[in-house]
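Enquirer: Here is a sequence together with a model predicted from it:
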Amino acid sequence: MIMFKKSLCVAIMLPIMLPFSALAFDADDMLEAANSLANREVIKDKSDKPSEYNLNDNVLRQEIGLIAWRLAKLEKNSSCSGLFKDITAIQPNDWACTHIEPLVENNLISKNDYFRPEDNITKAESLKMLIKAIGYDFEYDPKSSVSWQEQYVAFAVDREIVENFTDYDVTASRGWVFSVADHVIVVKEKEEKEEEEMKKPEPKKTISDEVLKEIDAFESIL
C-alpha cells in the first residue's frame, strides 16, 4: 500500500514537473550550443576545456553586445566616437567600444547616455538583442496591453527559437544566451534557405519516355 501511494504521488507530480523542466536548456544543450558558436567563430573555442565557457555565470551586457555584433556580421569601428559615457577608448572597456557603437549605428540597440557594459542583462533583454542582431525586423507594439517582453517571447516561440518562458527579468546566464544565440542562427538560416527554394522557378514539365511510347503506339494504329 505504501509503495502504491508513492507511485501514485510520482504519477500525479510528473505532469506538473515536466513543463517547467522543458523551459530551461540543460547542461548538454548549453555545451553543444557553445561549441556550435565556437565553430562559427561567434565565441572563443573552449571545447578542449569546456569549464572555461563558464556556462553558469551571468552574462555581461558587453559580452552579449559582442555576440550580437558577430551575429549581425558588422565591421568594428576603427575608433570610438563616445556614443556612451561609460564605453570609451580607455580601460576597462576599450575593446567593447569599437564593437558596441556599430550596434547603435545599425539601429540594433538604442542610444542612451550609458550602456552599463559590466552589468548583467535579463533573459528578455538578451533575447530581444539577439533577435534584432540576426536580422529580424520585428518591433513590439508599445500601444499593446501585452508587455514588450511577452511580445518578443511570443515572436521567438512562434519561430521555435525558444520554449515559452515568463521569468523575463531573471538574469541571463552565459549558457542560456549561447543556446538562444545558436537557435537564432539555425532558425534564421533555415528560413532563408526555404525562401531561396521558393524563389527558384518550377522545373519545366517534360513528357516521360513511357508516355512517348504510348503516343507512338497509338499513332501506329491510326
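Expert: Looks like it came in fine. Quantities reported herein were computed from a predicted structural model and do not represent experimental measurements.
Enquirer: check which helix or strand covers the residue lying closest to residue 151 once chain neighbours are set aside.
Expert: Leaving aside its sequence neighbours, residue 151 sits nearest to residue 140 (Cβ to Cβ, 6 or more residues apart in numbering; 4.1 Å). For every residue, glycine as well, the C-beta is placed using N, CA and C. Residue 140 belongs to no helix or strand when assigned by DSSP states H and E.
Enquirer: next one: the one 4 residues further on
Expert: Here residue 144 is covered by no helix or strand, with elements defined by DSSP H and E.
Enquirer: Excluding chain neighbours, what is closest to it?
Expert: Using Cβ to Cβ, 6+ apart, the nearest residue to residue 144 is residue 151, at 6.7 Å.
Enquirer: separation between the one you found and residue 142?
Expert: From residue 151 over to residue 142 the distance is 10 Å, taken as Cβ to Cβ, to the nearest Å.
Enquirer: Tell me, how many residues neighbour the nearest residue to residue 167 once chain neighbours are set aside?
Expert: Of all residues not flanking residue 167 in the chain, residue 123 sits nearest, at 6.6 Å (Cβ to Cβ, 6+ apart). By other Cβ atoms under 10 Å, the residues close to residue 123 number 23.
Enquirer: ok, residue 123 touching residue 166?
Expert: No: using Cβ atoms under 8 Å, residue 123 is not in contact with residue 166; the gap is 9.9 Å.
Enquirer: Does the residue nearest to residue 144 touch residue 141 like I think?
Expert: Yes: contact between residue 151 and residue 141 holds when scored by Cβ under 8 Å: they sit 6.7 Å apart.
Enquirer: ok, those two, which is more surrounded?
Expert: residue 151 (18 against 9).
Enquirer: what helix or strand is that one on?
Expert: Following DSSP H and E, one finds residue 151 within helix 148-158.
Enquirer: quick one: buried residues of that helix?
Expert: By neighbour count on 16 or more other Cβ atoms under 10 Å, the buried set for helix 148-158 is 148-153, 155-156.
Enquirer: Contacts for that helix next, please.
Expert: 124, 127-128, 131, 136, 138, 140-142, 144, 146, 162-166, 168-169, 180 (Cβ atoms under 8 Å, 6 or more residues apart in numbering).
Enquirer: Please check the residues you listed and keep the buried ones.
Expert: 124, 127-128, 131, 136, 140, 162, 165, 168, 180.
Enquirer: Out of these, which sit inside strands?
Expert: Using DSSP state E, no member of the buried ones among the contacts of helix 148-158 falls within strands.
Enquirer: possible to save the residues you listed as CSV with distance to residue 117 and pLDDT?
Expert: Below are the buried ones among the contacts of helix 148-158 laid out as CSV (distance: Cβ to Cβ, whole Å; pLDDT from 0 to 100):
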residue, distance to residue 117, pLDDT
124, 19, 97
127, 19, 97
128, 17, 97
131, 21, 97
136, 24, 96
140, 24, 95
162, 25, 95
165, 25, 96
168, 22, 97
180, 20, 97
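Enquirer: Can you flag which of those residues belong to helices?
Expert: 124, 127-128, 131, 180 (DSSP state H).
Enquirer: burial count for the residue lying closest to residue 52 once chain neighbours are set aside?
Expert: Distances taken as Cβ to Cβ, 6+ apart place residue 46 nearest to residue 52, at 4.3 Å, with adjacent residues excluded. Residues lying near residue 46 (other Cβ under 10 Å) number 16.
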